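Enquirer: build the 3D model from these lines:
(chains A, B, C and D)
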Number of protein chains: 2
Amino acid sequence: MITTMAGTVKVYEEVLKEIKNYIHNNHLSPGDKLPSERELAEELTAGRSSVREALRAMELLGLIETRRGEGTFLRSYRPFHTVELLSTFILQESTTKKDLLVSKKIIEKEATKLAFSKFEQEHITQLESILNQEVDAQQRHYLFFMSIFGHAENYLLQKIWQLMEEFSNAIGVNLYDNGFYYRLLQVLKNREYSKIESVFANY
Amino acid sequence: MITTMAGTVKVYEEVLKEIKNYIHNNHLSPGDKLPSERELAEELTAGRSSVREALRAMELLGLIETRRGEGTFLRSYRPFHTVELLSTFILQESTTKKDLLVSKKIIEKEATKLAFSKFEQEHITQLESILNQEVDAQQRHYLFFMSIFGHAENYLLQKIWQLMEEFSNAIGVNLYDNGFYYRLLQVLKNREYSKIESVFANY
DNA sequence: CAGCTTCACTGGTCTGACCACTCGCTACTA
DNA sequence: TAGTAGCGAGTGGTCAGACCAGTGAAGCTG
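Expert: Numbering: from 1, shown residues only, chains lettered A, B, ... in the order given. Sure, this is the predicted structure:
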């Protein structure tokens, strides 16, 4: 007699589904409050810990926000948190340093291109002042591209880049020399979009 | 005196980080076994429930697999069921969606460029046969670029792309039309590296 | 009325107790 | 001896209950 009972559905998965239904049936929107953990547990005839497991998973996915003393709130979903978390695992999996550096450079290059049309004189000045700051190379690189991301208007790409930046700092690689930043700045000043590729291509 | 203690990190988040470290430090690969919940709890000086919250969240993300009576195992990342869950929650914020699509396109474009030098006739043929398959647009897009990633030799970028692809499928957007693939194929056939940008630029 | 205290409620965490299941070892049987 | 039934340790699944730590509003105090 082989039963193995692989078909048993875990309570927390069931709870998850119920919460989903609850949100749907009550037409909840981001910012709206969910029932308290204790209420949910009683309502769904489940233990509070099971409810919490479901809620914690949802929180990690960025679907809800919990505030101690206040409650649990639906939140507008942004894949960033998830992508960020998963990227962490994926990054740890991929042992190849080269993959990381190549990918990071691609993002930096494309972010520059995204930001290009929005660049004005004051932004150029801002970038210049960053380069003149008395900070170490890592810090300067970070500030320089964060400023660029400020105009690229792609939060997702920025998050991924920040993560990659952290990892490459941990690895301790310095991809660019001083000349790079000034060459890139020059290209931006002269508004030569087509030359952005070539500035990066040399590294 | 305002403290509010918003800086308190939740235990389960800490546990998550520790598990991540454990995996990394012990060079665990998919299929390897993690310590039991009770061991982890004792090791990290946390309650078993907190450990479980972290593990459940990881399980929902598809990072681990748990087998009752056996243990918890690391698993090669497969976002499938996660994405299905997320898709029902996703509130299609235009900016978020746009970020995702723009980022995905960038990666697809750059992957194509990375793969360019390695393309040979047989690869072109492979891409053509994918386009001729009787599958839906999503599936075809996936296969097409997975084939390209096969030559791009950047596993990290590929992983990130797969993740984005899952998300955009969940959102249900179809960025490219049929002509796109053939135009791209044509460019690859003629070995016109510089035209890759423009093929993507029109979408 | 302003300011403070109290208290009910909410999430955060831990503990201990069972249950259901897996697997290996033991002891019994053929 | 060989094979097998079953016991027991270990593991995840779940629950109940306890206590802590914030929040906010009602109610008290001056």
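
Enquirer: now the angle from whichever strand or helix holds residue A:54 to helix B:48-61?
Expert: Using DSSP states H and E, the element containing residue A:54 is helix A:48-61. Here helix A:48-61 points in a direction 50 degrees away from that of helix B:48-61 (axes from the mean of the first three to the mean of the last three C-alpha atoms, to 10 degrees).

Enquirer: mind giving me the packing neighbours of helix A:48-61?
Expert: Counting contacts by 3 or more C-beta pairs under 8 Å, 6 or more residues apart in numbering or on different chains; DSSP states H and E, helix A:48-61 packs against helix A:11-25, helix A:37-43, strand A:64-67, helix A:80-93, helix B:48-61, helix B:80-89. Using the backbone N, CA and C atoms, a C-beta is placed for each residue, glycine as well.

Enquirer: show me what contacts residue A:107?
Expert: A:157, A:160, A:161, A:164, B:106 (C-beta atoms under 8 Å, 6 or more residues apart in numbering or on different chains).

Enquirer: and if you look at residue A:197?
Expert: residue A:109.

Enquirer: for chain A, which helix extends over the most residues?
Expert: Longest helix in chain A by number of residues (criterion: DSSP state H): helix A:97-116.

Enquirer: and the next element down the chain from that helix?
Expert: Counting by DSSP H and E, what follows helix A:97-116 is helix A:121-132.

Enquirer: of the contacts of residue A:107, which is the most crowded?
Expert: residue A:161 (24 neighbours; other C-beta atoms under 10 Å in any protein chain shown).

Enquirer: thought it was touching residue A:152?
Expert: No: counting by C-beta atoms under 8 Å, residue A:161 does not reach residue A:152; the two are 9.5 Å apart.

Enquirer: and the residue nearest to residue A:60 when sequence neighbours are not counted, what does it touch?
Expert: Computed as C-beta to C-beta, 6 or more residues apart in numbering or on different chains, the closest residue to residue A:60 that is not its neighbour in sequence is residue B:57, at 4.1 Å. With contact set as C-beta under 8 Å, 6+ apart, residue B:57 has these partners: A:56, A:57, A:59, A:60, A:61, B:12, B:16.

Enquirer: out of those, who's nearest DNA strand C?
Expert: residue B:12 (5.0 Å; C-beta to the nearest atom of the strand).

Enquirer: OK, contacts around the closest one?
Expert: Contacts of residue B:12 by C-beta under 8 Å, 6+ apart are A:56, B:50, B:51, B:53, B:54, B:57.

Enquirer: again, only this time at 7 Å
Expert: A:56, B:50, B:53, B:54 (C-beta atoms under 7 Å, 6 or more residues apart in numbering or on different chains).

Enquirer: quick check: pLDDT value at the third one.
Expert: Spelled out, that is residue B:53. If you check residue B:53, the pLDDT there is 93.

Enquirer: next: the second one.
Expert: Predicted confidence (pLDDT) for residue B:50: 95.

Enquirer: for it, the count of nearby residues, please.
Expert: Around residue B:50 there are 21 residues (other C-beta under 10 Å).

Enquirer: go on, the first one?
Expert: Summarising burial for residue A:56: neighbours were counted as other C-beta under 10 Å, giving 26.

Enquirer: the residue lying closest to residue A:66 once chain neighbours are set aside: what secondary structure?
Expert: Leaving aside its sequence neighbours, residue A:66 sits nearest to residue A:72 (C-beta to C-beta, 6+ apart; 4.8 Å). In three-state terms, and counting by DSSP: H, G, I helix; E, B strand; the rest coil, residue A:72 is strand.

Enquirer: any idea of the pLDDT on residue A:72?
Expert: 95.

Enquirer: so it is in contact with residue A:55, correct?
Expert: Yes: judged on C-beta atoms under 7 Å, residue A:72 makes contact with residue A:55 at a distance of 6.3 Å.
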